[in-house]
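Visitor: Sequence below, structure please.
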Amino acid sequence: MWNRQRYQGFQALAVVTIIGLLLAGCGPRGPLGPQQMGPPEVSVVTIKTERLVLTTELPGRTAAYRLAEIRPQVNGLILKRAFTEGSDVKAGDLLYQIDPAPYQAAYDQAKASVAMAEANLPAFRSREERFKELVASRAVGQQDYDDALAALRQAEAQLAVSKAAMESTKINLSYTPIKAPISGRIGRSSVTEGALVTAYQPVPLTSIQQLDPIYVDVPQSTTELLLLRQRLEDGRLTDDGANQNKVELIQEDGTSYPLEGTLEFRDITVDPTTGSVILRIVVPNPEGALLPGMFVRAVLKEGVNEQAILVPQPGVSRNQKGDPFALVVDAAGTVEQRMLTLDRAIGNKWLVSSGLAVGDRVIVEGLQRVRPGASVKVLSPGAEPTGQPEADETSQPPAKAN
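Guide: Below is the predicted model of the structure:
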């Protein structure tokens, strides 16, 4: 009996406790309870125009400014090589020496032939002059004079032939020392002393390349070329004046080359296999850091956009079709969607061709919490999102002392 009464007492106490908790929950909420959520907070950037120099980055390869392939111009035996492979040579330096003995002998023979012709010429000239006087007084016949005149002209022609032969042998003799036609860096030699070479052989003995300055050949598609020309004609881009042809180079390791190059010309012939033209850039190379055949990237200046609109990349989204758009806050604080036309990425921003105007406020933070047509609260620049409204500090319960 006593246990039954005790159980009923516990049951009554539990009911009272539950009722008290329910009544406490239905009462007025304190200042620390949940409150009404305000409009989503977003951060925006206000669109403004700026002057922007547009560039394009294209791959290219270096090429020697001048290239001379050294070939012999006469046949002969190589007596010596007078250069060190890989060294710098100057125009006129001796590279190879071909055995000059046979060409010296031919020159001496031709020189003797000239001397013989010159020695015979006075006799033929005197005979012609004498017969000319005699034919006037009819002491000799006209035929005798004609024979003397013909002999004189033959002697003069023989002298001219001998002189030409002597000049030819002299030229061949001058080809026996093979000299550098240009200044530059010489490559490896394909022959050594004792090698027999032939005139104008297909395989060069060596080659010389001028490396300062050096060329950079960059292919550019005709599509990009026509688009650039259209932008310049429409006025969307303007010429950058003296700096228009300045080119920056980026080396294979990603570092920037310290010296600027100059765009020399655009080729007028389109490669039918690639649909591109070659741009030739001249780059100073005093230290020889750039070698022929190296891969580089050239940063070319297209022109200047005086009214460029740049938007941070977080402020541009894409729909299911991949079309770019931005969310803009109007003067009433309502979100509006704008479809965009993007030109290219400039660093961490997008260059916008159309879709935005000066003064538009583009949302860059808080995009996940807003939709077109919703009302938002725009944070001032540099402000941190507050999230929930702050509680009244005066209604906070006093902190317990330790």
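Visitor: Provide the backbone phi and psi angles at the closest residue to residue 94 other than its chain neighbours.
Guide: Distances taken as CB to CB, 6 or more residues apart in numbering put residue 82 closest to residue 94, at 4.4 Å, once the chain neighbours are dropped. Placement of C-beta: from N, CA and C, glycine included. Torsion angles at residue 82 (phi, psi; degrees, to the nearest 10) stand at phi -110, psi 20.
Visitor: Is it correct that residue 82 is in contact with residue 92?
Guide: No. The pair residue 82 / residue 92 is not scored as a contact, 12.0 Å apart, by CB atoms under 8 Å.
Visitor: Which one of these two is surrounded by more residues?
Guide: residue 82 (15 against 10; other CB atoms under 10 Å).
Visitor: For the more buried one, which residues are in contact?
Guide: Taking CB atoms under 8 Å, 6 or more residues apart in numbering, we find residue 82 in contact with 93, 94, 95, 96, 97.
Visitor: Pull the contacting residues for the second one.
Guide: Just to be clear, that refers to residue 94. Neighbours of residue 94 in contact, by CB under 8 Å, 6+ apart: 82, 83, 177, 178, 179.
Visitor: switch the cut-off to 6 Å
Guide: 82, 177, 179 (CB atoms under 6 Å, 6 or more residues apart in numbering).
Visitor: beta partners for the last one?
Guide: The residues paired with residue 179 through beta bridges, assigned by DSSP bridges, are residue 94.
Visitor: Show me the protein divided up by domain.
Guide: Listed by automatic domain parsing, the domain ranges of the chain are 42-52+308-378, 54-64+211-304, 75-98+176-203, 101-174.
Visitor: ok, how many other residues are close to residue 117?
Guide: 18.
Visitor: which SSE is residue 262 in?
Guide: strand 261-266 (DSSP states H and E).
Visitor: what do you get for residue 214?
Guide: Per DSSP H and E: strand 206-221 holds residue 214.
Visitor: Per-residue pLDDT of residue 27, please?
Guide: For residue 27, the pLDDT comes out at 48.
Visitor: Nearest residue to the middle of the protein?
Guide: residue 298 (2.1 Å; CA atoms, centre = their mean).
Visitor: Who does that one form a beta bridge with?
Guide: Bridge pairing for residue 298 - DSSP bridges - gives residue 58, residue 249.
Visitor: Could you pull up the residues touching it?
Guide: Here residue 298 is in contact with 58, 60, 218, 247, 249 (CB under 6 Å, 6+ apart).
Visitor: Sketch out the low-pLDDT regions of the stretch 251-400 of the chain for me.
Guide: 380-400 (pLDDT under 70).
Visitor: Could I get the full set of strands for it?
Guide: Remark: strands assigned in the stretch 251-400 of the chain by DSSP state E, counting those that start in this stretch are 261-266, 276-283, 295-312, 317-318, 324-329, 335-339, 341-346, 349-354, 361-365, 377-378.
Visitor: Would you mark the buried spots in the longest one?
Guide: Right, strand 295-312. For strand 295-312, the neighbour count (16 or more other CB atoms under 10 Å) marks 296-305, 308-311 as buried.
Visitor: Going along the chain, name the strands of the stretch 1-150 of the chain.
Guide: So, for the stretch 1-150 of the chain - with DSSP E, counting those that start in this stretch - the strands run 41-46, 49-70, 76-81, 88-89, 94-98.
Visitor: hmm, back to that, rebuild the strands of the stretch 251-400 of the chain as JSON lines, extending it with distance to residue 50.
Guide: Formatted as JSON lines, these follow (distance: least, CB to CB, whole Å):
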{"stretch": "strand 261-266", "distance to residue 50": "25"}
{"stretch": "strand 276-283", "distance to residue 50": "28"}
{"stretch": "strand 295-312", "distance to residue 50": "6"}
{"stretch": "strand 317-318", "distance to residue 50": "23"}
{"stretch": "strand 324-329", "distance to residue 50": "18"}
{"stretch": "strand 335-339", "distance to residue 50": "19"}
{"stretch": "strand 341-346", "distance to residue 50": "11"}
{"stretch": "strand 349-354", "distance to residue 50": "11"}
{"stretch": "strand 361-365", "distance to residue 50": "15"}
{"stretch": "strand 377-378", "distance to residue 50": "22"}
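Visitor: ok so, going back, now do the strand holding residue 262 against strand 206-221, angle only.
Guide: Computed with axes from the mean of the first three to the mean of the last three CA atoms, to 10 degrees, the direction of strand 261-266 lies at 80 degrees from that of strand 206-221.
Visitor: who does strand 261-266 pair up with?
Guide: strand 246-250 (antiparallel), strand 276-283 (antiparallel).
Visitor: for those, which one sits closest to residue 64?
Guide: strand 276-283 (11.9 Å; CB to CB).
Visitor: and the closest one with strand 49-70, angle?
Guide: 80 degrees.
Visitor: Only C-alpha atoms, please: export strand 276-283 in CSV.
Guide: Provided in CSV are the C-alpha atoms of strand 276-283 (Å, rounded to 0.1, in the frame of the first residue of the first chain):
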residue,chain,number,x,y,z
SER,A,276,48.5,31.6,-89.7
VAL,A,277,51.0,34.2,-90.5
ILE,A,278,54.5,34.7,-89.0
LEU,A,279,55.3,37.7,-86.9
ARG,A,280,59.0,38.5,-86.7
ILE,A,281,60.3,40.1,-83.5
VAL,A,282,63.8,41.5,-83.1
VAL,A,283,65.2,41.1,-79.5
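Visitor: what's in contact with it?
Guide: Outside strand 276-283, the residues touching it (CB under 6 Å, 6+ apart) are 213-221, 247, 261-267, 270.
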